[in-house]
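# got a structure for you, letters missing:
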Ligand SMILES: Cc1ncc(COP(=O)(O)O)c(C=O)c1O
């Protein structure tokens, strides 16, 4: 845009106007569902209470009575020994956990499906990391008895909640703290009979909640909990975590976001169980509205029942067509990948929302079943997509069980160059590459690129999958699109 062309346009406001003018049904974050999850008072006064510390208020970074009381109430509600409010996202809680529990040069064991904030924290603070998928983490605990901590992500973006009891038990007996990134499961503790167990109830030492994802909290509202047991064993950790959070957070925390964290805690501690059972009842009713074949391609109730995961290709329905149809009816899922559509159900989703959702899914299914040739094409396409998704897991697997020092790349980044992917064999990755969402790094700085990796990445990119960190240059004269990534010189 040339300078001097500003005639008072507001492109961001214009973009956002579309969100509130359209009649939309939200099955995506944030968990407050277009502000419906807030009290009338919060909705009416939100912009007026956008403040930080001054003579009438408290200080989140140096808590007085209001913040201390709110944190104690949250700790009690979530079953923690101590809770910190964060207004700059759960990513900051990941950073603070690593700084508090590991020192530069230490190695940590991490779930291969960890969010990119973990890798970024390792890069910035000189921490080494060795990855494994959750079932293989116990072996790594034996292999790396001096690891500073174990970091697991549970549930994942699809609502799947792996059993981590063995990991916690093994780590506990070796004095190794376990940090659970429960970003997608802040609501688990409020209905124990309906939900997977919460990480704190499983005995995790530190738990991270990206509260804005599933609770009625403004975007960036997050919490970091330290367990009672860990605080008893290491009382000094209260001060260490507070200092770490202060170091990585803004000096102008949003009291508006903090107020919504306070609101969500109060709401959930008094009504959480009935809100969740009400929603899960509606979701059960939604299941029963669907044709049996569509119902069989839902994976809800296998983990978090509030997260509906649909695999339309399993019944030969084209996933992109289904998403287009949902969107054209004003229904917005959280995201979709090669094979699955993920919907986050919130407490403010109504019976009508679920009825409309069931209606569109049924219509698309019935339409798709009326064209035999299309069914065959969709079947072939789904097999291809499943194969590509397996490739992503294979790519993630390549960097498992290898210790990495990601900070080397960060501090040596002037020693990096951009190179064409097809020419990158035997070169070493210098920048992380990830698919968003869910934001899991595919390639780790320090990873050596081999022929097999080039081939798998090329296959994904040729299918139009965008990998953050791999840039594409359009080249009119060639059918092949050159793709570049950053490697060490
Ligand atoms: C598993 C996981 N952890 C952490 C985060 C970071 O959360 P936030 O966006 O609150 O910083 C995300 C965000 O998507 C996530 O999916």
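Right, received. Where do you want to start? None of the values given here were measured: they were computed from a predicted structure.

# please make it C-alpha for all contacts and neighbour counts, starting now.
Fine.

# near the ligand, which residues of the stretch 51-200 of the chain show up?
Proximity of the stretch 51-200 of the chain to the ligand (Cα under 6 Å from any ligand atom) is limited to residues 89-91, 115, 153, 181, 183.

# over to the stretch 301-450 of the chain?
Residues of the stretch 301-450 of the chain lying close to the ligand (Cα under 6 Å from any ligand atom) are residue 438.

# tell me which stretches of the stretch 301-450 of the chain form helices.
Per DSSP state H, counting those that start in this stretch, the stretch 301-450 of the chain carries helices over the ranges 319-328, 351-369, 372-398, 407-411.

# tell me the most buried of these?
helix 407-411 (a mean of 19; mean count of other Cα atoms under 10 Å).

# which other residues reach that one?
122-128, 430-431, 445-446, 488 (Cα atoms under 8 Å, 6 or more residues apart in numbering).

# which of those residues sits closest to residue 366?
Of all those, residue 366 sits closest to residue 431, with 45.7 Å by Cα to Cα.

# for that closest one, which non-adjacent residue is spatially closest?
Counting by Cα to Cα, 6 or more residues apart in numbering, residue 445 is the residue found nearest to residue 431 once chain neighbours are left out, at 5.3 Å.

# report the contact partners of the one you found.
By Cα under 8 Å, 6+ apart, the contact set of residue 445 is 404-406, 409, 428-432.

# quick one: it from residue 193, how far?
Taking Cα to Cα, to the nearest Å as the measure, residue 445 falls 42 Å from residue 193.

# which intervals of the stretch 301-450 of the chain have sub-threshold pLDDT?
Scanning the stretch 301-450 of the chain for pLDDT under 70 picks out the ranges 301-302, 412-414.

# and if we set it to 80?
Applying pLDDT under 80 to the stretch 301-450 of the chain flags residues 301-302, 409-414, 437.

# ok, the stretch 151-300 of the chain next?
299-300.

# try 90
Counting by pLDDT under 90, the stretch 151-300 of the chain shows low-confidence ranges at 296-300.

# ok, the residue of it found nearest the ligand - how many residues close by?
The nearest approach of the stretch 151-300 of the chain to the ligand comes at residue 210, 4.5 Å away (Cα to the nearest ligand atom). Residue 210 has 26 neighbouring residues, counting by other Cα atoms under 10 Å.

# all strands of the stretch 51-200 of the chain, in order?
82-86, 107-111, 128-132, 150-153, 178-181 (DSSP state E, counting those that start in this stretch).

# okay if I get these as CSV plus mean neighbour count?
Shown next, in CSV, are those (neighbours: other Cα atoms under 10 Å):
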stretch, mean neighbour count
strand 82-86, 26
strand 107-111, 25
strand 128-132, 24
strand 150-153, 26
strand 178-181, 27
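
# in JSON lines: the ones you listed, plus distance to residue 416.
Below are the strands of the stretch 51-200 of the chain laid out as JSON lines (distance: least, Cα to Cα, whole Å):
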{"stretch": "strand 82-86", "distance to residue 416": "35"}
{"stretch": "strand 107-111", "distance to residue 416": "24"}
{"stretch": "strand 128-132", "distance to residue 416": "20"}
{"stretch": "strand 150-153", "distance to residue 416": "29"}
{"stretch": "strand 178-181", "distance to residue 416": "32"}
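
# where does pLDDT dip in the stretch 1-150 of the chain?
Within the stretch 1-150 of the chain, the stretches with pLDDT under 90 are 1-7, 16-23, 51-64.

# could you pull out the helices in it for me?
Per DSSP H, counting those that start in this stretch, the stretch 1-150 of the chain carries helices over the ranges 11-21, 40-45, 65-78, 90-101, 116-125, 137-143.

# dump the ones you listed to a markdown table, plus mean neighbour count.
Listed next are the helices of the stretch 1-150 of the chain as a markdown table, based on neighbours: other Cα under 10 Å:
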| stretch | mean neighbour count |
| --- | --- |
| helix 11-21 | 10 |
| helix 40-45 | 12 |
| helix 65-78 | 18 |
| helix 90-101 | 24 |
| helix 116-125 | 21 |
| helix 137-143 | 17 |
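
# any idea how far residue 236 lies from residue 81?
According to Cα to Cα, residue 236 stands 13 Å off from residue 81.

# if you count surrounding residues, which of the two has more?
Legend: neighbour count by other Cα under 10 Å for residue 236 and residue 81, higher for residue 81 (21 against 10).

# and residue 208, what element?
Assigning secondary structure by DSSP states H and E places residue 208 in strand 206-209.

# so what are the sheet partners of the following helix or strand past that strand and their directions?
The helix or strand immediately downstream of strand 206-209 is strand 222-226, counting by DSSP H and E. Sheet partners assigned to strand 222-226 using DSSP bridges are listed as strand 82-86 (antiparallel), strand 206-209 (antiparallel).

# how distant is strand 222-226 from the center of its chain?
Offset of strand 222-226 from its chain centre (Cα atoms, centre = their mean, to the nearest Å): 15 Å.

# name the next helix or strand downstream of it, please.
The first helix or strand that comes after strand 222-226 along the chain, using DSSP H and E, is helix 228-233.

# which strands and helices lie in contact with whichever helix or strand comes after that following helix?
Downstream of helix 228-233, the next assigned helix or strand under DSSP H and E is helix 237-248. Applying 3 or more Cα pairs under 8 Å, 6 or more residues apart in numbering; DSSP states H and E, we find helix 237-248 packed against helix 90-101.

# who's in contact with the helix it packs on?
Helix 90-101 has contacts (Cα under 8 Å, 6+ apart) with 86, 117-118, 121-122, 125, 148-149, 177, 179, 181, 183, 206, 208-210, 220-224, 237, 240-241, 244-245, 248-249.

# ditto for stretch 371-381
313-318, 368-369.

# number of residues surrounding the spatially closest residue to residue 221 that is not a sequence neighbour?
If the residues on either side of it in the chain are set aside, residue 221 comes closest to residue 87, at 4.8 Å by Cα to Cα, 6+ apart. Counted by other Cα under 10 Å, the residues lying close to residue 87 total 26.

# give me the distance between residue 87 and residue 352.
Separation of residue 87 from residue 352 (Cα to Cα): 33 Å.

# what's the answer for residue 12, then?
The gap separating residue 12 from residue 352 is 31 Å, by Cα to Cα.

# hmm, the longest helix seen in the chain touching the ligand?
Under DSSP state H, the helix in the chain containing the largest number of residues is helix 255-289. No. Helix 255-289 stays clear of the ligand (Cα under 6 Å from any ligand atom), getting no nearer than 12.0 Å.

# what comes up buried for that helix?
Within helix 255-289, the residues scored as buried using 16 or more other Cα atoms under 10 Å are 255-269, 272-273, 275-277, 279-280, 282-283, 286-287, 289.
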